[in-house]
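Compute the structure for the input listed below.
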Amino acid sequence: METDLVRTGPPDERPLRREEPPPWGSVAAHASIWPTPLQGDLLRATLLQDERGLEAWRRIRPLLNVAEMDYGTHAMLPRLRANVIALGIDDDPLLRLFKGVQRFTWARTQILLARVMPIVAELEDRGIRTMLLKGAAMLVDGRKHAGMRHMGDVDVLVAPEVIGTAVEVILSHGLSPMESIPPWYVREYVPPVRASVGFTDGAEGRIDLHWFATRASCQAGADDDFWQASVPVVLRGVQSRALCPADELLMLIVHGLRWAPAPGYRWVLDAALVVRDADGELDYERLAFQARRRRVAPVVRAALAYLHEVAGVEVPPATMRRLRGPAPMVRYELRAQARQPRRRGAGGRAAVVHGEYVRRNLALDASATPLAHARLAARRLGVQRPSDLLRVRPGGLPGPGRPSAVEAPIGSGVADPPVTDWGAPIDFGNVEAVRQHCMYGLWFPEEWGSWIAGREARVALELPEPAAATLLLEVSAGGLTEGQRLQVLLDGRRLTSRKLGTRGAESVFAALPAELVRGRTRLELVFRAPDAALPPRLQINDDLRPMGVFLGRLWLRPVPTCGTGERLALGLGSGDERMLAGGWAEAAEGGRWTVGPRARILLRAGTAASRLEWTAAPLIPDGAPPLSVEVFANGTRLGRLGCHPDSPIARVPLKRAGAGGDLWLEWRVRDPRSPSDYGPSTDPRPLGLFFHEIALL
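So this is what the prediction gives:
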């Protein structure tokens, strides 16, 4: 029986960012959703109850090593043992080890059910209908021995409109969302882009809360016929429901037949057992109808062909013919879905993201014409007409709640930020800070910051008092790729554009002009990343989120005013942080070093000044020529000086730059050297001038 999906992929030479041990039976050149030949033999030995299963066991027996098996293979061992014994082999010493795995599986499953089933019972008591899916559904009413089916969690389906109440019940039992996701993110952002989310108590209690049975169909009312055909069940004395066999088989196939770092065996095992338990009564007509209605006929057809190959499942030819119908766009998407994300082409990546959107926004019974797909693509990318799709650049367009194939960006278009004191940092690695300040366009924070979701993010700031003059913005940022740009805009005006590296956070500075901020207490800043990219496209990892640059922390400070003749100190306790705009070391007693080739200051000249004066000592060894320094004001070159320790005071004319107003001062140091180059100090920083004070004269 032929299949419509590609089973092999080119070799993947670059590792994931998070290294995982290779799955048992894997080969280096295999990068698709289909098991390798060795893994296929494991399935045959587990599922075929004739000579073919015995031959497969003989092939894999010399290669089995329990200590080296991955999680997916361990889950197969109890069923493998039962089948091998049924085939007449009962004296193999490995079978005693497999028996231990079965007992361990039974014990863990009992602990899991004892922790989670009271939650299901309370949901039912509150009038919330529940349905058990996958592993839990296979254990109801004593259908399967608990030791024969490994379970990492209990999958429970509820209706989408009761997600909030269901989350409250789960939280009241001491569980919390996995990966430290706060409950508000689950309620506000996850439902539009995912079909479920996991909760854990940090030990053995885990529940996967579903609001859709399958990610293949998440439209309004998509599960109505699943509920109508479901059957009542009991597990550990708790009343619930389960899918009918045809729907359960569909759900197992769609859930399992997608690419993952570790190939999934369990969908094959579970699907084969569902067919076997139906004992010839499985409603294949319903299976074909549901697959076509939910636009997954090609994937179901491919899965049934594979089940026939490794488990001997006999599917009526009429069903396979019904599943063959024309669906070119779906087939293209599924061929891409079958491959590792880093091995997909641009068209395949776009097809997967678009397919996820279609399965949430195109009604089940609507006609999926090319025009319908074009209209949905235009809506997803925020363009006015389908003809505008050709102008959309990679990364998509910004917008409140713009959907993604993996997660939802934070922000609904509005924000109610708390008042931020001058100079107090806003930490984009803090989940609550991002929630309060982000209007749209930031991915869920990581420990060190947040990535811009696509090409643009908008952040709201509440000032402690109405702005009276120019403000200095500082934001730490880093790129996904070398040379990636970050642009900062306010009221549509671009304030700065900076190319970033990938070696860590860099400080980006921008002046918020007085004419834009004067009298305002709320600002909405736009952070634009025109070079947004997908990590799989860059061969970095398989994270499917379109990423701009990451934002670490943000500071906003009023620019200090410097009157004529006033001297500004740069040492400890001087408060000079308000005017520093990059290229400076930490304050020390009596002053501060410049670091690197450039150091900048932004201040406001209170009155017209004609000269700039500063007192600074250069870092040069004895007998060396003076340190060459160029000075600029508002981009105008004021002069080049040779700085020497014997003449620490330097002056340059300000020319037209000193006529009052904002004044960007910049010192460019030629060939700054580190103290470690000159003697006993091990300080590796490239230091130039040690500034004591500056003045406008």
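
C-alpha only now, for contacts and for neighbours.
Fine.

most centrally placed residue in the chain?
The chain has Arg545 as the residue nearest its centroid, 5.6 Å off, counting by CA atoms, centre = their mean.

Packing partners of the top strand by length along the chain?
In the chain, with assignment by DSSP state E, the single longest strand is strand 547-558. If you count contacts as 3 or more CA pairs under 8 Å, 6 or more residues apart in numbering; DSSP states H and E, strand 547-558 packs onto strand 426-427, strand 450-453, strand 471-479, strand 484-490.

re the thing from before, secondary structure of the residue nearest to the centre of the chain: a helix, I assume?
No: the assignment for Arg545, made by DSSP: H, G, I helix; E, B strand; the rest coil, is coil rather than a helix.

Okay, buried residues for the top helix by length along the chain please.
When the chain is scanned for its longest helix (criterion: DSSP state H), the result is helix 93-125. Residues 95, 98-99, 101-102, 105-106, 108-110, 112-113, 115-123 are the ones in helix 93-125 that count as buried (16 or more other CA atoms under 10 Å).

before we move on, back to that, isn't the residue nearest to the centre of the chain right next to Ala453, touching?
Yes: counting by CA atoms under 8 Å, Arg545 does reach Ala453; the two are 7.4 Å apart.

tilt between the longest strand of the chain and strand 471-479?
Following axes from the mean of the first three to the mean of the last three CA atoms, to 10 degrees, one obtains 160 degrees for the angle between strand 547-558 and strand 471-479.

where exactly do the helices run in the stretch 251-400 of the chain?
With DSSP state H, counting those that start in this stretch as the criterion, the stretch 251-400 of the chain has helices at 266-278, 284-293, 297-311, 317-322, 328-337, 346-361, 370-381.

can you count the residues close to the closest residue to Gly40 other than its chain neighbours?
Among residues not flanking Gly40 along the chain, Val310 sits closest, at 6.7 Å (CA to CA, 6 or more residues apart in numbering). Residues within reach of Val310, counting by other CA atoms under 10 Å, total 22.

Next one: Val310 from Trp259, what distance?
Taking CA to CA, to the nearest Å as the measure, Val310 falls 19 Å from Trp259.

repeat for Leu235
From Leu235 over to Trp259 the distance is 31 Å, taken as CA to CA.

same check, this time on Ser196
To Trp259, Ser196 is 18 Å away according to CA to CA.

cool, and Arg349?
Using CA to CA, one gets 13 Å for the distance from Arg349 to Trp259.

One more: Gly688?
From Gly688 across to Trp259, the span is 54 Å (CA to CA).

neighbour-wise, which of those two wins?
Gly688 (31 against 18).

ok, the more buried one - contacts?
Counting by CA atoms under 8 Å, 6 or more residues apart in numbering, Gly688 touches Trp593, Thr594, Val595, Gly596, Pro597, Pro618, Leu619, Leu627, Val669, Pro672, Arg673.

follow-up on the earlier one: for the longest helix of the chain, the averaged confidence score.
Averaged across helix 93-125, the pLDDT comes to 92.

and after it, which helix or strand comes next?
Using DSSP states H and E, the helix or strand that follows helix 93-125 in sequence is strand 131-133.

What residue, apart from its backbone neighbours, is nearest Asp542 spatially?
Spatial nearest neighbour of Asp542, chain neighbours left out: Pro536 (5.0 Å); criterion: CA to CA, 6+ apart.

Report the contact partners of the one you found.
Contacts of Pro536 by CA under 8 Å, 6+ apart are Pro341, Arg342, Arg343, Asp542, Asp543, Leu544.

could you redo those residues as TSV and give each row pLDDT?
As requested, the contacts of Pro536 are exported to TSV (pLDDT from 0 to 100):
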residue	pLDDT
Pro341	83
Arg342	83
Arg343	82
Asp542	80
Asp543	81
Leu544	79
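
Of these - the most surrounded one?
Ranked by neighbour count under the definition other CA under 10 Å, the contacts of Pro536 are headed by Pro341 with 25 neighbours.
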